[in-house]
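Colleague: sharing a sequence plus its predicted fold:
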Amino acid sequence: MSGIALQGTSEFDINLPPGTGAAFGAYYDLLKARSENMNLTAISGTEDVTRLHFLDSLALAQCVPFKNTKVIDIGSGAGFPGVPLKINEPTIDLTLLDATGKRVAFLKELCALLNIDAVILHARAEDAAHLPELREKYDICVSRAVARLNILCELCLPFVKTGGFFIAMKSTSLDEELDAANGAIIALGAGQKGCTDYTIPGTDITHRAVLIQKLSDTPDLYPRRYAKIKKSPL
């Protein structure tokens, strides 16, 4: 597995730290073992997990510098993209947030196994974003969640400090969704910075990282309750 990971990251101009191959190997083994009884991922096999989870996550390192940043991963699930980014850049001050107890338990087991220092929160994003210790405290927020971009912006941008970034992991068929999110981006105190398209090494799959910069404080109203967000998205 380490050879596959190294080959892929070289295409992203990423030099992984020593011991990274072993860390990703242990990550894969635990993910495989726990996925037998938990809904962690539908992707299986060493090559597919390496490419479609690990390399896909590491692609975000092309977007902004992560060194010595405070990062929160919203809806982290099985740890993507936050944990691979932390393995690659140990100086990240990482928080992993998920609303599902079983996934939070997996994240705790994973971080203990890999000796990763991370804050792991069992909470809904719309609740956690109103906590003073979390609100607008992060340099970078990342999310691989499947919600539409306007909904993700309301859930994620309140965590980001002014000058920081929210990175949403999306497909390239995003133009309509991106246009629909413009109002939300402005209302939440942000401005679209740009998009980075990347092809996952060893595949013909191209994804898009949407990079949104926080320009001012998010109004206290946001995020609203999730039922309200879904019913009346910004």
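Modeller: Yep, it's here.
Colleague: what sits up against the biggest strand by length in the chain?
Modeller: Longest strand in the chain by number of residues (criterion: DSSP state E): strand 160-171. With contact meaning Cβ atoms under 8 Å, 6 or more residues apart in numbering, strand 160-171 is reached by 56, 60, 63-64, 81, 136-144, 149, 152-153, 156-157, 177, 189-190, 193, 207-217. (C-beta placed from N, C-alpha, C; glycine too.)
Colleague: ok, and for that strand, which residues are buried?
Modeller: Within strand 160-171, the residues scored as buried using 16 or more other Cβ atoms under 10 Å are 160, 161, 164, 165, 166, 167, 168, 169, 170.
Colleague: farthest-apart pair in these, please.
Modeller: The largest separation in these, counting by Cβ to Cβ, is between 161 and 170 at 22.9 Å.
Colleague: following element in sequence after the longest strand of the chain, please.
Modeller: Downstream of strand 160-171, the next assigned helix or strand under DSSP states H and E is helix 175-180.
Colleague: show me the contact partners of that next one.
Modeller: With contact meaning Cβ under 8 Å, 6+ apart, helix 175-180 is reached by 148, 149, 150, 170, 192, 195, 210.
Colleague: distance from the chain centre to the helix ranked longest in the chain, please.
Modeller: In the chain, taking DSSP state H as the definition, the longest helix is helix 20-35. Centre-to-centre, helix 20-35 and its host chain are 18 Å apart (Cα atoms, centre = their mean, to the nearest Å).
Colleague: for it, what is the average pLDDT?
Modeller: Helix 20-35 comes out with an average pLDDT of 92.
Colleague: what is whichever helix or strand comes after it packed up against?
Modeller: The helix or strand immediately downstream of helix 20-35 is helix 46-49, counting by DSSP H and E. Judged by 3 or more Cβ pairs under 8 Å, 6 or more residues apart in numbering; DSSP states H and E, helix 46-49 is in contact with helix 20-35.
Colleague: buried set for the helix it packs on?
Modeller: Applying a neighbour-count criterion of 16+ other Cβ under 10 Å, the buried positions in helix 20-35 are 20, 23, 24, 27, 28, 30, 31, 34, 35.
Colleague: list just the nearest of these to residue 91.
Modeller: For those, with residue 91 as the reference and Cβ to Cβ as the criterion, the closest is residue 20, at 14.4 Å.
Colleague: surely the closest one meets residue 87?
Modeller: Yes: between residue 20 and residue 87 there is a contact at 5.9 Å, judged by Cβ atoms under 8 Å.
Colleague: residue ranges with poor pLDDT in this protein?
Modeller: Across the chain, the ranges flagged by pLDDT under 70 are 1-8.
Colleague: the longest strand of the chain pairs with which strands, parallel or anti?
Modeller: When sheet partners are counted by DSSP bridges, strand 160-171 sits next to strand 138-143 (parallel), strand 206-214 (antiparallel).
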